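> structure, please.
(3 chains)
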Amino acid sequence: MHPLAQLLEAAFFSAAQPLSLDELARLAPDATRDEIRTACEELREHYARDGHGVELAEVADGFQILTRRAFADAIAEAHIVRRPRKLSMPALETLAVIAYRQPVSRAEIEDIRGVGVESVLRSLQERGLVEVVGRAEGLGRPLLYGTTAALLELLGVRTLEELPRLDELSVALRPPAEAGGLGEM
Amino acid sequence: MHPLAQLLEAAFFSAAQPLSLDELARLAPDATRDEIRTACEELREHYARDGHGVELAEVADGFQILTRRAFADAIAEAHIVRRPRKLSMPALETLAVIAYRQPVSRAEIEDIRGVGVESVLRSLQERGLVEVVGRAEGLGRPLLYGTTAALLELLGVRTLEELPRLDELSVALRPPAEAGGLGEM
Amino acid sequence: MTVWPTSTSTDAPFVVRLDAFSGPLDLLLHLIREQEIDIADIPIATVADQFLDAIDVLGLNEAADYLEMAAQLLRIKIQMLLPQPFDDDEWEDPRAELVRRLLEYEQVCEVAGWFAQQSSEHADRFPRGWLPELPEQPPPPVTVTLDELLTAVEQLLAVMPEAVLHRVVPRPLDVEAATRRISALLEERERIGFWDVVGESPTIADVLSMLIAILELARLGRLRVTQRKPFGKVGIKRAPARATA
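Sure, this is the predicted structure:
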């Protein structure tokens, strides 16, 4: 392997979270962005070609080494890793509304979901998937919520743009234009 | 790589501590100890031969994957594993009291938090989140503390008025309405 | 999306798990789908009745969110019974707003389902679990978010007597004595401060006993607690209407 790829591999092994191109660039100040991308590509191909137990994945605006899916059951059953707890349907629905409508107030979320979301919202905040991003103008200046990079990591996507586009959803009839639906992405 | 070596690589990568032979045996119940040893050896040789950024190290209680020493400095200097650190809960609580109550003396903070805050206060000052803003009247004229512009910047708000009002917080144990707040107790 | 509960027979279409629905819109959508109703032309009278039956069977007929939906359905049902004007163009379908909400909510469900699938697939790829120690280096920058600060404030405000009780209280709380002490002080003075009643160098048990006593007396209307500003001094006042004891 190219020395730059080795250095990147060492860095990925030292970090518990995805590393962005900016962070990788700090690691090798003499290398260009293109060289770093090429080295990442080399590492990815190496893992794929030589039959490794890990792979280089692109998530949350960065790169991260992850174990291959095929080994998940064996590792979890041997109690080496505990799988994260699954989110409840109310939590997922609340996340969906926030992801597409952010920044969004609690009242708006409750309006769309038709239920109170106070405790769901709090537990999503505790899990770091949602955060307060500001305040609305107007009466009472309610807090506004948005999603975090942790949500991207949870979903294994790089950016919010990778979420399904609303016009791709199977719901046949879109809401009237003035109603807006979940809002534009 | 042999499938068993791939499985072991995935397990070493995802484990929170070195894995002993016993633990590795739980991972692959069908494999003999000898086969597991051989697979570990294969993984070690693979890392050494192909020029990887990591190596398989044998430690007192088992095996673990380590970053090669040659790359440690570059990783440390790039602050890759030292992401901006979160403040501890005592620091956050002290900051919270100062933010909502400034200008405030150390004694008042300690009254509210119920613990000594000398060292927490010092480290908040060193980090530039808190500063001395004056002296109280009265006995001993104690120093008064307030928050800095750096804190507002970190919080992403323009003024202290943008912090949530206390009545907006979802306090679990709310006193009866007429009791106002738990405040100073 | 909710795993739709299966009916055991056509006579009992509402044999479902209690937590099967994530809200009234979810339940309503379930009824509509189960009967393959055209969402743009909902037979409101039928669906409203089914909705009421369902929340009754599910024991949800005390949940405000479901009751609100039931009320809305009944309102639409009545509006539908009113005679329609001749000019169709001017007639606004009373179901329109409900249909809009249902469609919007269907989108939410579809995205939530995608989230569930995506996160469960991704959860099978584990990140690095163990991080090696690195050589000494200057301390990293700190970060603090509004969220974290708020959590800290809440934690402070919540006080959490239970947590403290388990940890440090060396002797049981004495709320009764605290109550007596407050009452006695209020006999003497109309207004006292929290720290007056706690006294010199109180233990945590003293503070908690006093706190509980104050809250209880406040609840009973025997005193009033005031605080002019966040974290401000807490004042305790004799209740004006209190019968002199």
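> is it true that residue A:141 lies in a helix?
No. Using DSSP: H, G, I helix; E, B strand; the rest coil, the assignment for residue A:141 is coil, not a helix.
> show me the contacts for it.
residue A:135 (CB atoms under 8 Å, 6 or more residues apart in numbering or on different chains). The C-beta positions use only the backbone N, C-alpha and C, and glycine is treated the same way.
> now do it against residue B:67, distance only.
Shown here: residue A:141 relative to residue B:67, a distance of 48 Å by CB to CB, to the nearest Å.
> and what of residue A:77?
Applying CB to CB to residue A:77 and residue B:67 gives a distance of 28 Å.
> wondering if stretch A:109-116 reaches chain B at all.
No. For stretch A:109-116, no contact with chain B is found by CB under 8 Å from any CB of the partner chain; the gap never falls below 11.7 Å.
> residue C:196 sits in which helix or strand?
For residue C:196, the element it lies in under DSSP states H and E is helix C:194-198.
> now that helix: mean pLDDT?
Across helix C:194-198, pLDDT averages out at 74.
> what residues of the helix or strand hosting residue A:122 count as buried?
Here residue A:122, judged by DSSP H and E, is contained in helix A:118-126. Across helix A:118-126, burial judged by 16 or more other CB atoms under 10 Å in any protein chain shown covers A:120-121, A:123-125.
> try stretch A:104-122
Across stretch A:104-122, burial judged by 16+ other CB under 10 Å covers A:104-106, A:108-110, A:112-117, A:120-121.
> restricted to strands, list the residues you listed.
With DSSP state E as the criterion, strands contain A:104-105 from among the buried residues of stretch A:104-122.
> would a markdown table of the buried residues of stretch A:104-122 with distance to residue C:101 be doable?
As requested, the buried residues of stretch A:104-122 are exported to a markdown table (distance: CB to CB, whole Å):
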| residue | distance to residue C:101 |
| --- | --- |
| A:104 | 16 |
| A:105 | 17 |
| A:106 | 17 |
| A:108 | 13 |
| A:109 | 13 |
| A:110 | 12 |
| A:112 | 8 |
| A:113 | 10 |
| A:114 | 7 |
| A:115 | 12 |
| A:116 | 16 |
| A:117 | 16 |
| A:120 | 19 |
| A:121 | 20 |
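> just the buried residues of stretch A:104-122 now: which is nearest chain B?
residue A:121 (8.6 Å; CB to the nearest CB).
> which residues touch that closest one?
Counting by CB under 8 Å, 6+ apart, residue A:121 has contacts A:94, A:106, A:109, A:130, A:145.
> could you pull out the strands for chain C?
Secondary structure of chain C (DSSP E): strands at C:142-143, C:191-193, C:223-227, C:234-238.
> how close does residue A:137 get to residue A:144?
Here residue A:137 is placed at a distance of 10 Å from residue A:144 (CB to CB).
> the helices in chain C, which residues?
All helices of chain C, identified by DSSP state H, fall at C:24-34, C:44-57, C:64-81, C:96-122, C:146-158, C:161-167, C:175-188, C:194-198, C:204-219.
> JSON lines for those helices, including distance to chain B and mean neighbour count?
Output for these, formatted as JSON lines (distance: least, CB to the nearest CB, whole Å; neighbours: other CB atoms under 10 Å in any protein chain shown):
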{"stretch": "helix C:24-34", "distance to chain B": "23", "mean neighbour count": "21"}
{"stretch": "helix C:44-57", "distance to chain B": "27", "mean neighbour count": "18"}
{"stretch": "helix C:64-81", "distance to chain B": "18", "mean neighbour count": "16"}
{"stretch": "helix C:96-122", "distance to chain B": "14", "mean neighbour count": "19"}
{"stretch": "helix C:146-158", "distance to chain B": "4", "mean neighbour count": "20"}
{"stretch": "helix C:161-167", "distance to chain B": "8", "mean neighbour count": "12"}
{"stretch": "helix C:175-188", "distance to chain B": "13", "mean neighbour count": "15"}
{"stretch": "helix C:194-198", "distance to chain B": "6", "mean neighbour count": "18"}
{"stretch": "helix C:204-219", "distance to chain B": "5", "mean neighbour count": "20"}
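> right, I'll leave it there.
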